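Predicted model and sequence follow; I will ask about them next.
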Amino acid sequence: SQWGEENLQALSIQEGEDVTMNCSYKTYTTVVQWYRQKSGKGPALIILIRSNEREKRSGRLRATLDTSSQSSSLSITGTLATDTAVYFCATALQGGRALIFGTGTTVSVSP
Amino acid sequence: DAGVTQTPRHEVAEKGQTIILKCEPVSGHNDLFWYRQTKIQGLELLSYFRSKSLMEDGGAFKDRFKAEMLNSSFSTLKIQPTEPKDSAVYLCASSFGDTGQLYFGEGSKLTVL
């Protein structure tokens, strides 16, 4: 498998709290993508980080990438009930275009 | 712009039947992917097409699963014969350019009895 363990398989938090989820990958990659999947919908890209960026921000989202430890994290600050979803990290095998997805972290945010 | 369209959204089949799932990618996208999603296995790649040519197929799915791109704007996934273990959500995605970002449809939920 391309992916190692994803920490925090499922967690429940209150609106306004911050949350961080992590994943580690096994093979070389230059780009990690994070997708969010809401119930009954397909996954949608929320943030993409390249190996030369180390950190990327988009609104309330912050992604990090540590190529030395082959790990990536996604943080959401000031969560909203609408952030309730499953979050996946994904990357392509070297030379390929098909994405391999991690197992996902289920985040439930209560109002 | 229209996103990725998948039909049907729900399908119920008896064991041994043949089912065909359909996908229309985002207009202008030249990469098309089929994934299977289950709670246990997560998202698994079934097939990847680039400009209608099959580039990758998930080795474990070869015998009863066949994906085709009939033209640049239409793809099908045939499962023949179906088995109860095929019950899952089948997701189609398309992409364009070098970012590698995938645009997913809402999926077809298959239940095999």
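Cool, got the structure.

From the rest of the structure, what touches stretch B:80-92?
A:42-43, B:4, B:6, B:13-19, B:21, B:23, B:25, B:32-38, B:43, B:46, B:64, B:66, B:75, B:77, B:79, B:104-105, B:107-113 (Cβ atoms under 8 Å, 6 or more residues apart in numbering or on different chains). The way it works is simple: take the backbone N, C-alpha and C, and place the C-beta from them, glycine included.

Same question for stretch A:88-105.
By Cβ under 8 Å, 6+ apart, stretch A:88-105 touches A:1-3, A:6-11, A:21, A:23, A:25, A:27-29, A:31-37, A:43, A:72, A:74, A:86-87, B:31, B:33, B:35, B:42-43, B:45, B:48, B:50, B:55-56, B:95, B:100, B:102.

repeat that for 7 Å
A:2-3, A:6, A:8-9, A:21, A:23, A:25, A:27-29, A:31-35, A:37, A:43, A:72, A:86-87, B:31, B:33, B:42-43, B:45, B:48, B:56, B:100, B:102 (Cβ atoms under 7 Å, 6 or more residues apart in numbering or on different chains).

Filter those residues down to the buried ones, ChimeraX style.
Buried subset of these, written as a ChimeraX selection, criterion 16 or more other Cβ atoms under 10 Å in any protein chain shown:
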select /A:2,3,6,21,23,25,29,31,32,33,34,35,37,43,72,86,87 /B:31,33,42,43,45,48,56,100,102
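
Which of the contacts of stretch A:88-105 fall within strands?
Mapping these onto strands (DSSP state E) picks out A:3, A:6, A:21, A:23, A:25, A:31-35, A:37, A:72, A:86-87, B:31, B:33, B:42-43, B:45, B:48, B:56.

Which among the contacts of stretch B:80-92 count as buried?
For these, buried by 16+ other Cβ under 10 Å: A:42-43, B:4, B:6, B:13, B:19, B:21, B:23, B:25, B:32-37, B:43, B:46, B:66, B:75, B:77, B:79, B:104-105, B:107-110, B:112.
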